[in-house]
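1. Here is my input, please return the structure:
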Amino acid sequence: MSRGWTTPADIAAKARRRWDDGSLLRSHATGGSFEAIEVPLRGPKASEIGEDLGAVRDWIANLDAGRREDRRYSLQWQAVGGRHIGRNELPARAVVSSRAQAWALLGVRVPVQRYDEILAVVEGHPAVRSWVVDHPHRALELHDAMPELVAAHVWLDSHRHSSRYLREISAPGVDTKFAERHRAVLAATLGVPSTASGFLSALGLRSKPELVRIRPSSSLGLPAPLTELAVRATELADLAIEPRAAVVIENEITYLSVDVPTEGAVIWGKGFEVDKVGRLPWLSDADLIYWGDVDTHGFAILDRLRAWLPQTRSVLMDRDTLLVHRDRWVREDRPAKSSLTRLTPDEHDLYVDLVGDALGERVRLEQERIDWRWVQDKLPKA
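-> Residues are numbered from 1 along each chain as shown. Below is the predicted model of the structure:
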């Protein structure tokens, strides 16, 4: 109605807010008392009644019909001045005083029935039920999968610290892909992190082995035909070798391209997975060089590797290399801005300039874009 008077739809909209935020379903699940929804009505002023009595009567009739004989809401009336209408009263407030009225007003009887079905499925599983109560609308989205979610929760909870692979899950109707697809919900019900690695680690399940790729010098005593190894990180740490030097490289193709140092090795650092390299005890006394991208994340990875191996030196991550290759710069998507405490003064100055866009906006020089003749000149000297 163009006059701005309250309509049944406005009343429903007010109740809808409590449906949308989940409070109506949470109260329903916990059996708490229903908090009435009171909606003050905007209607004609006493001075307006005589101007268009027909419109006033239509407004009243619309509100009265909308309550459906109090099945949706009830009306509270208020006396007004003048005798232009028969009752000398106008509706002043709509009140939704029960869940039954709320369900009818919002047209949600079917979702409520489905929610009751979910509550029945999770009965006897307090952690899952608590999640269902806290996230009623997400639970409704998962209505059909709820029996399997409960089964997965029970299996995972009973196999904590079993050192089994997730692939071994044998809950009814559940496979690995189901558990991975619903990992966020399962993590919440189990009280563990939702990241892939955190989920498995906190539950005491085994994760896929972490492999480290290494190109060793033949002088390190490994079987002669082998020029490259991909070894589980934990097993590589126990390898009985003593390299004099090692080069850790971020990019895979660059790792494959450089020469292996005498009595040393080239190791693929693989970005922020460099921690696996840092844990190798036989690198603690090696002359260690790191080469990564000349960007904020490259320096962050360098800083991280130095936390494990303080002797690490950087190569081809200097200002000269960056400026010489200005025509090969690209833009860094999400620059790092952390405070890095393990950089040398020159590295730190360049990092600060990259963070602050002193050389241009989000400047990045990927190591695979560096001219190979420049690499061949600088890397052996390092």
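
2. Residue 175 reaches residue 168, doesn't it?
-> No. Counting by Cβ atoms under 8 Å, no contact exists between residue 175 and residue 168, whose distance comes to 10.8 Å. (Glycine included, C-beta is placed from N, CA and C.)

3. Neighbour count: these two, which is higher?
-> residue 175 (15 against 12; other Cβ atoms under 10 Å).

4. residues touching that one, list them.
-> Residues in contact with residue 175 (Cβ atoms under 8 Å, 6 or more residues apart in numbering) are residue 169.

5. and if you look at the one 3 residues further on?
-> With contacts defined as Cβ under 8 Å, 6+ apart, residue 178 is in contact with 145, 148, 152.

6. What count of nearby residues applies to the residue nearest to residue 63 when sequence neighbours are not counted?
-> Ranked by Cβ to Cβ, 6 or more residues apart in numbering and with sequence neighbours excluded, the top spatial neighbour of residue 63 is residue 91, at 5.4 Å. Using other Cβ under 10 Å, residue 91 has 18 neighbouring residues.

7. In terms of pLDDT, where does residue 91 sit?
-> Note for residue 91: predicted pLDDT of 93.

8. now residue 43
-> 88.

9. cool, residue 226 as well?
-> At residue 226, pLDDT is 87.

10. And the strands in the stretch 1-150 of the chain?
-> With DSSP state E, counting those that start in this stretch as the criterion, the stretch 1-150 of the chain has strands at 37-40, 74-79, 89-96.

11. quick one: buried residues of the longest one?
-> Neighbour counts using 16 or more other Cβ atoms under 10 Å place 90, 91, 93, 94, 95, 96 of strand 89-96 among the buried residues.

12. helices or strands next to it in the packing?
-> Here strand 89-96 touches helix 8-20, strand 37-40, helix 53-66, strand 74-79, going by 3 or more Cβ pairs under 8 Å, 6 or more residues apart in numbering; DSSP states H and E.

13. okay, the ones you listed in a markdown table with mean pLDDT and distance to residue 159 next?
-> Formatted as a markdown table, the helices and strands packed on strand 89-96 follow (pLDDT from 0 to 100; distance: least, Cβ to Cβ, whole Å):
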| stretch | mean pLDDT | distance to residue 159 |
| --- | --- | --- |
| helix 8-20 | 96 | 37 |
| strand 37-40 | 96 | 45 |
| helix 53-66 | 91 | 54 |
| strand 74-79 | 92 | 54 |
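
14. so which of the ones you listed gets nearest residue 219?
-> Closest approach to residue 219 among these (Cβ to Cβ): helix 8-20, 69.1 Å.

15. Give the buried residues for the closest one.
-> For helix 8-20, a neighbour-count test (16+ other Cβ under 10 Å) marks 8, 10, 11, 12, 14, 15, 16, 18, 19 as buried.
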